[in-house]
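J.: Build the 3D model from these lines:
(one chain, ligands or ions: 2)
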Amino acid sequence: MQNFLSILDLDPDRIAKLLESAAKLKRERVKGMKAPTWNALNGKHVGLLFEKPSLRTRVTFTIGVRELGGDIVEIPADVMHADREPINDVARNLERWVDAVVIRTFGQERLHQIAEITPKLHVINALSNEEHPCQALADMQTLVERWGSLANKRIAYVGDGNNVCTSLVHSAMMLGIGVNVATPKGFELPDEVVDQAGEVSQKGAGLTEFTDPKAAVRDADAVYTDVWTSMGQEVEYAERKKTFKRYQVTESMMALAKPGALFMHCLPAHRGEEVSDEVIESPISVVFDQAENRLHAQKALLIEMLKQGHGWRR
Ligand code: CP
Ligand code: NVA
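T.: Ligands and ions are numbered 1, 2, ... in the order given. All right, here's what the predicted structure looks like:
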């Protein structure tokens, strides 16, 4: 696989294989340098270029590359200022030095622009305004761990129809998991994503949209939420806080879901906004499993993307 800009760059079989590989990497992590993958990225350089803050994505890619025997280079975000040099020049420079670049940026089109101008460079989307595919891989790994079989399962996503929601819907549809999405009016998933969900859906999994969060959560096997104000939308914070008030995932909302339903969040979380403290701290919350699985799922992805090819030091 050349680039990973969207979960739609994969098909259901390839997602399933990546999840198997991620589970194996998780089991074998305790072996340290005795793990069979300890040198899988020998001679490979991976650049990290983040135009927005990150804890989980930055740390898990850094550790992941190192545990696979590769090198990380941190690229400061100020190199992306257009008045310094064109982005296309930044990208073509990087292509001469590194094997892959992990980019967190604003518009998804910027990732496509970089991928197009650098045919040899592997480009990985570490979150854009529109999609967060690495998060979706870890989320699916978490659900496989918890549920075993994904058959006849349904996730309710409550909140903003944002990047995390898009990649969750894409991945769930491909794995045959139904999704209910509840958003306020004006914050729905883009029409294009709803169409894509229909196109990639497997095993009759359906996407159903709601404005009433309680209706969406009823009988769900998992309830997922994310911040109401994503990075880059900070000026809208006060207004969004008012608009999304009734979308907070609370214990009474969770009580409408199936008994034993999981609570999921990509983190960072704002307690008292999209989720109550009681829910995120309760035993049904799998948020730290999701965070841990970022490491394993991304290691599986890196091996899949970089196992062939040059490796500058070979
Ligand atoms: N979930 C997630 O992507 O976290 P960070 O923003 O900390 O990387
Ligand atoms: N929707 C959030 C996700 C953070 C991981 C954002 O884009 O800020």
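J.: just for this protein, where's the confidence low?
T.: For the chain, the stretches with pLDDT under 70 are 308-314.
J.: Can you name the residues of it sitting close to ligand 1?
T.: When proximity is defined as C-beta under 6 Å from any ligand atom, the chain approaches ligand 1 at Ser54, Leu55, Arg56, Thr57, Leu127, Gln135, Cys266, Leu267, Pro268. All C-beta atoms are positioned from the backbone trio N, CA, C, and that covers glycine.
J.: out of those residues, which touch ligand 2?
T.: Filtered for proximity to ligand 2 (C-beta under 6 Å from any ligand atom), those shrink to Leu127, Cys266.
J.: ChimeraX command to pick out the buried ones of the residues of the chain next to ligand 1?
T.: Typed into ChimeraX, the line below selects the buried ones among the residues of the chain next to ligand 1, using 16 or more other C-beta atoms under 10 Å:
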select :54,56,57,127,135,266,267
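J.: Secondary structure added to the residues of the chain next to ligand 1, as CSV?
T.: Supplementary listing: those in CSV, determined by DSSP: H, G, I helix; E, B strand; the rest coil:
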residue, secondary structure
Ser54, coil
Leu55, coil
Arg56, helix
Thr57, helix
Leu127, coil
Gln135, helix
Cys266, coil
Leu267, coil
Pro268, coil
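J.: which stretches of the stretch 201-314 of the chain form helices?
T.: 213-217, 237-243, 251-254, 277-280, 287-306 (DSSP state H, counting those that start in this stretch).
J.: among those helices, which is nearest ligand 2?
T.: Among the helices of the stretch 201-314 of the chain, the nearest to ligand 2 by C-beta to the nearest ligand atom is helix 287-306 (10.3 Å).
J.: Compare the helices of the stretch 201-314 of the chain and give me the one nearest Thr62.
T.: For the helices of the stretch 201-314 of the chain, distance to Thr62 was read as C-beta to C-beta. The smallest value, 9.8 Å, belongs to helix 287-306.
J.: in the closest one, what's buried?
T.: Neighbour counts using 16+ other C-beta under 10 Å place 287, 289-306 of helix 287-306 among the buried residues.
J.: ok, how many other residues are close to Pro259?
T.: For Pro259, the count of nearby residues is 6 (other C-beta atoms under 10 Å).
J.: Got phi/psi on it?
T.: phi -60, psi 140 (degrees, to the nearest 10).
J.: Tell me how far it lies from Arg294.
T.: 28 Å (C-beta to C-beta, to the nearest Å).
J.: Thr60 now?
T.: Note on Thr60: its distance to Arg294, by C-beta to C-beta, is 4 Å.
J.: cool, Ile280 as well?
T.: As defined by C-beta to C-beta, Ile280 lies at a distance of 17 Å from Arg294.
J.: same thing with Gly32?
T.: When distance is defined by C-beta to C-beta, Gly32 is 20 Å away from Arg294.
J.: Which residue is the nearest non-sequential neighbour of Ser201?
T.: Met173 (4.3 Å; C-beta to C-beta, 6 or more residues apart in numbering).
J.: Hmm, that neighbour is touching Gln202, no?
T.: Yes: proximity of Met173 to Gln202 meets the contact threshold set by C-beta atoms under 8 Å, at 6.9 Å.
J.: So which of the two has more stuff around it?
T.: A count of neighbours by other C-beta under 10 Å puts Met173 above the other of Met173 and Gln202, at 25 against 14.
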